[in-house]
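J.: sequence-free structure coming up:
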């Protein structure tokens, strides 16, 4: 694309998470030499103007009016920028035209999608054309699934340095987390369940850990759905609601990079509770909650926590890489701010900025496959995430 007007357009800036992305770009990069040229986009100009005022952005911050249902409007918007970051979900309801427009115009794209059936559909539909146009279509660029995708990548790097080979199995375990899932996550799960009710094949995609690796079927994977006492960690582990999408993205990164983790790689994710009977009871309670993870009143798109709640949130994830002779390596990823909003908005913005300097080929990929350690470096520097080895093995 020849000299587009903008580096990044934030599409969905009038929504709760989209506003946070715009606010981050405005506050964090104001006056910096490396500040991207960015604009806010949405369907309603008056609402965009209100958000611009609310986040304290300059009055000349560009606004782009574009309707997600219009292919023409989406293509016109894409032609004006190098990257679109989209918070307009559920993506299976509102994302088709934008992804198609990015693919056609060769525009890079990042979103917060945690909808594996839709992602599998877009891979089948657009992979070839995106490769030809050079568009990098980067799904799941928030808490779904960056800390897990990049955490496994960095744990495998450490495993190769320590063991001389990648770990054949890694356990992803959420040790602690404070914050809420986003209304978009809840809406996406609801839309996916409705789609599955109409089309039973969707359930097959949800159950298949290799649903996003077309043509490749790896080994049987640990289910992560049975409460388990993890002796080496001294705690019980319970099912994790985001594991079905995160694990698929980890396997897709491995697939797209030519299986650096091995074709026999196993990976699962769970949440750690506590030791003893109390931990067992909590793990069993978490299993029951998986039937209705967001409760009677799930968060709604456009709603979210207060600034104080976002500021006080955090998450702590450990990746246990199993060595060839029984020794384990512990790798930790920690993030400041609540995962569903404060940290996610920063991760999405930094993914968009990282795409600006990426030399990866076009296609439908992941943050890990397109950006890898370059994104890790950006998240360390700008988004207050840490990636580090905790223990080299015992």
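T.: Looks like it arrived, so ask away. Note that the structure is a prediction, hence the values are computed from the model and not measured. Numbers count the residues shown, from 1 in each chain.

J.: now the strands for the stretch 101-250 of the chain?
T.: 108-111, 136-138, 169-178, 228-230, 235-239 (DSSP state E, counting those that start in this stretch).

J.: what about residue 360, how many neighbours?
T.: Residue 360 has 17 neighbours, counted by other Cβ atoms under 10 Å. From N, CA and C alone the C-beta is placed, and that goes for glycine too.

J.: now do the same contact list for it.
T.: Contact analysis of residue 360 by Cβ atoms under 8 Å, 6 or more residues apart in numbering lists 136, 369, 370, 371.

J.: quick one: contacts for the closest residue to the first one other than its chain neighbours?
T.: Nearest residue to residue 136 in three dimensions, chain neighbours excluded: residue 108, at 4.6 Å (Cβ to Cβ, 6 or more residues apart in numbering). The neighbourhood of residue 108, defined by Cβ under 8 Å, 6+ apart, consists of 82, 83, 84, 102, 135, 136, 137, 138, 352, 355, 356, 358.

J.: out of the residues you listed, which are buried?
T.: 82, 83, 84, 102, 135, 136, 137, 138, 352, 355, 358 (16 or more other Cβ atoms under 10 Å).

J.: partner residues bridging the residue nearest to residue 136?
T.: Beta-bridge pairing of residue 108, defined through DSSP bridges, involves residue 83.

J.: now stretch 367-386: average pLDDT?
T.: Taken as a whole, stretch 367-386 has an average pLDDT of 98.

J.: give the buried residues for it.
T.: Of the residues in stretch 367-386, 367-372, 374-376, 378-379, 382-383, 385 count as buried by neighbour count, 16+ other Cβ under 10 Å.

J.: cool, and stretch 9-16?
T.: Buried residues in stretch 9-16 (16+ other Cβ under 10 Å): 9, 10, 11, 12, 13, 14, 15, 16.

J.: again, but for stretch 73-91
T.: In stretch 73-91, counting by 16+ other Cβ under 10 Å, buried: 73-75, 77-78, 80-91.

J.: go on, stretch 248-265?
T.: 248-256, 259, 261-262, 265.

J.: which ones among those residues map onto helices?
T.: Those of the buried residues of stretch 248-265 mapping onto helices are 248, 249, 250, 251, 252, 253, 254, 255, 256, per DSSP state H.

J.: for the residues you listed, which one is nearest residue 345?
T.: Taking Cβ to Cβ as the measure, residue 345 lies nearest residue 249 of these, at 19.0 Å.

J.: in helices, which of the contacts of residue 360 appear?
T.: Short answer: the contacts of residue 360 in helices (DSSP H) are 369, 370.

J.: quick one: which of the contacts of residue 360 is nearest residue 332?
T.: Nearest to residue 332 among the contacts of residue 360, counting by Cβ to Cβ, is residue 371 at 20.3 Å.

J.: how about the closest one: what's its closest non-neighbour residue?
T.: residue 354 (4.9 Å).

J.: state the pLDDT value of residue 77.
T.: Taking residue 77 on its own, its pLDDT is 98.

J.: which residue is the nearest non-sequential neighbour of it?
T.: residue 66 (4.4 Å).

J.: next, count neighbours for the one you found.
T.: The burial count for residue 66: 23, using other Cβ under 10 Å.

J.: and the gap between it and residue 132?
T.: Distance of residue 66 to residue 132, given as Cβ to Cβ, to the nearest Å: 24 Å.

J.: ranges for the helices of the stretch 251-394 of the chain?
T.: Using DSSP state H, counting those that start in this stretch, the helices of the stretch 251-394 of the chain run over residues 276-289, 307-312, 344-356, 367-370, 373-382.

J.: and the third one, which residues are buried?
T.: Of all the residues in helix 344-356, those buried under the rule 16+ other Cβ under 10 Å are 344, 345, 346, 347, 348, 349, 350, 351, 352, 353, 354, 355.

J.: closest to residue 243 out of the residues you listed?
T.: Using Cβ to Cβ, residue 344 comes nearest to residue 243 of those, at 17.2 Å.

J.: wait, what's in contact with that closest one?
T.: Taking Cβ under 8 Å, 6+ apart, we find residue 344 in contact with 17, 112, 142, 143, 182.

J.: where's it relative to residue 267, distance?
T.: Between residue 344 and residue 267 the distance is 22 Å, computed by Cβ to Cβ.

J.: now swap in residue 84 and tell me
T.: Using Cβ to Cβ, residue 84 is found at 30 Å from residue 267.

J.: same deal with residue 377?
T.: From residue 377 across to residue 267, the span is 23 Å (Cβ to Cβ).

J.: which other helices and strands does the helix or strand of the chain with the lowest mean pLDDT contact?
T.: Ranked by mean pLDDT, DSSP states H and E, the helix or strand of the chain with the weakest confidence is helix 183-198, at a mean of 72. On a contact count with 3 or more Cβ pairs under 8 Å, 6 or more residues apart in numbering; DSSP states H and E, helix 183-198 meets helix 91-94, helix 116-133, helix 201-207.
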